[in-house]
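A.B. asks: from the sequence below, what's the structure:
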Amino acid sequence: MKASQPGLSFPEEPVPADAPLAARMRPRSLDEFFGQEAAVGPGSMLRGSLERGRLPSFILWGPPGCGKTTLARILAGGVRAEFVTVSAVSSGVADLRKVVAEAQGRRMGGQRTVLFIDEIHRFNKAQQDVILPYVEDGTVTLIGATTENPSFEVIAPLLSRARVVRLQQLDVAALQKVVEAALRDPERGLGARDLEIDEAAMDELVDGAAGDGRAALTALDIAADLAAASGRPVISKVDIAQALQDRRPYHDRQSDYHYDIISAFIKTLRGSDPDAALYWLARMLEAGEDPLFIVRRMVILASEDVGLADPQALVVATACQQAVHFVGMPEGFYAMAECAVYLAIAPKSNSAGSGYGRAMADAQRTAHLPVPMHLRNAATGMMRQFGYGDGYRYAHAEPGHVARGERYLPEELGSPQYYVPGELGFEGRAVARWAALRAEPPSNAKERDQQ
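C.D. replies: Okay, here's the model as predicted:
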């Protein structure tokens, strides 16, 4: 392993020998910090700041196990600052004021303080407001960590004084480096046990960890004990499978990840790919997503994107909602899978929604226009005396049950066309009737030609 550059590491804190492998193998320098090249690699803002001995306030945004806390420790150590950590789950305003008071004392002695707020998105506006002036005047350098989108969870004044650094899930290569480093290291890792891991086991571990370095090391620690207990020097795929048993994929119903997955699912249905639809559906259900949340989105899509190209899609989607509500899970996935495939392969049309959008714009602009008298309901004799309903033509009394030439809009609107039919499925087959409904009655055409 390469030696750390001066200023890019911090003095190692003692870790008990019986601590979990993930704690013992916590990176001590940027050179040991794998998989976040965009954030801390050569030429990055953070690495450049550290090399100059400066550290701005920033928010680390990324999924669990990507190294947010570890990176914060490395950066604080790199500028020789006191590292103070606060959890937004268990700390309040009094704790923040105490941290600030201690930081002011250190500042008088020439030492900087890095305040690390874990899960900063759990602090409310008032709590975030407390720390704002001290970030602004430099009393503390703030490093916040969050799995949530800072745009929604961190107050704007604090965001304007801090950079947002996006961390990603660790990719396959980075996870393999994490595992290999733990297997080789004789002091902090498993190197003294002379264990190896076969290729199939490594693949199983990397897949099961799902981008979470902490999860990978935790599973490796358990698998190593299983192999050693059996007297085997090689960690097998079976060992890894047992170590990962019942590990559920990360999925927070309130997080960006939640909305990213449902977005992928909806775009897949709209794009008519049933295989991808089943994949994203399975990702959500296996991670514990609320099935009724998914069904609600399918009901919306049935009208928004399938629409009149296949009106039966809305029937299928609402039947799916009823089935899932009645049957429950896990069997409810049958109805959901059927509905997802149906929606994916159905012809698509957004004509109804687009037409409504055009009508809505006119409705908002002309809300002052009165309802034409012939369209008003003459519920009483007095209303009939005032002309309510005068001239209305009852459609069922007309040829073909259509009052040809009848006007159903205020005169001021002219003859707008809000509904523009699509060409697929049911809607395509109904285009001829739609055209006939809009066609001018022959009698009106003759009268106009004679003028």
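A.B. asks: any buried residues in whichever strand or helix holds Ala435, and which?
C.D. replies: In this structure, Ala435 sits in helix 425-438 according to DSSP states H and E. Of all the residues in helix 425-438, those buried under the rule 16 or more other C-beta atoms under 10 Å are Gly425, Phe426, Glu427. To be clear about C-beta, it is placed using only N, CA and C from the backbone, and glycine gets the same treatment.
A.B. asks: contacting residues around it?
C.D. replies: With contact meaning C-beta atoms under 8 Å, 6 or more residues apart in numbering, helix 425-438 is reached by 307-311, 346-347, 349, 351, 402, 417, 419, 421-423.
A.B. asks: using PDB, write out every CA atom in it.
C.D. replies: Taking Å, rounded to 0.1, in the frame of the first residue of the first chain, the C-alpha atoms of helix 425-438 are listed here in PDB:
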ATOM      1  CA  GLY A 425     -55.200   0.800 -30.000                       C
ATOM      2  CA  PHE A 426     -58.800   1.700 -29.100                       C
ATOM      3  CA  GLU A 427     -58.200   5.300 -29.700                       C
ATOM      4  CA  GLY A 428     -56.900   4.700 -33.200                       C
ATOM      5  CA  ARG A 429     -60.000   2.700 -34.000                       C
ATOM      6  CA  ALA A 430     -62.200   5.500 -32.600                       C
ATOM      7  CA  VAL A 431     -60.700   8.300 -34.700                       C
ATOM      8  CA  ALA A 432     -63.300   8.000 -37.400                       C
ATOM      9  CA  ARG A 433     -66.100   8.500 -35.000                       C
ATOM     10  CA  TRP A 434     -64.300  11.400 -33.400                       C
ATOM     11  CA  ALA A 435     -63.800  13.100 -36.800                       C
ATOM     12  CA  ALA A 436     -67.500  12.600 -37.500                       C
ATOM     13  CA  LEU A 437     -68.500  14.200 -34.300                       C
ATOM     14  CA  ARG A 438     -66.400  17.300 -35.100                       C
END
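A.B. asks: what about that helix, average pLDDT?
C.D. replies: Helix 425-438 shows a mean pLDDT of 77.
A.B. asks: quick one: distance of that helix to the chain centre.
C.D. replies: A distance of 39 Å separates the centroid of the chain from that of helix 425-438, by C-alpha atoms, centre = their mean, to the nearest Å.
A.B. asks: now the buried residues of helix 425-438 as TSV including distance to Met45?
C.D. replies: Putting those into TSV (distance: C-beta to C-beta, whole Å) gives the following:
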residue	distance to Met45
Gly425	52
Phe426	55
Glu427	52
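A.B. asks: now, which of these sits nearest Ala156?
C.D. replies: Glu427 (45.2 Å; C-beta to C-beta).
A.B. asks: that closest one - nearest residue in space that isn't next to it in sequence?
C.D. replies: Leaving aside its sequence neighbours, Glu427 sits nearest to Leu308 (C-beta to C-beta, 6 or more residues apart in numbering; 4.1 Å).
A.B. asks: what are the ranges of the helices in the stretch 1-150 of the chain?
C.D. replies: Counting by DSSP state H, counting those that start in this stretch, the stretch 1-150 of the chain has these helices, from start to end: 21-24, 37-40, 45-51, 68-78, 93-108, 125-136, 150-153.
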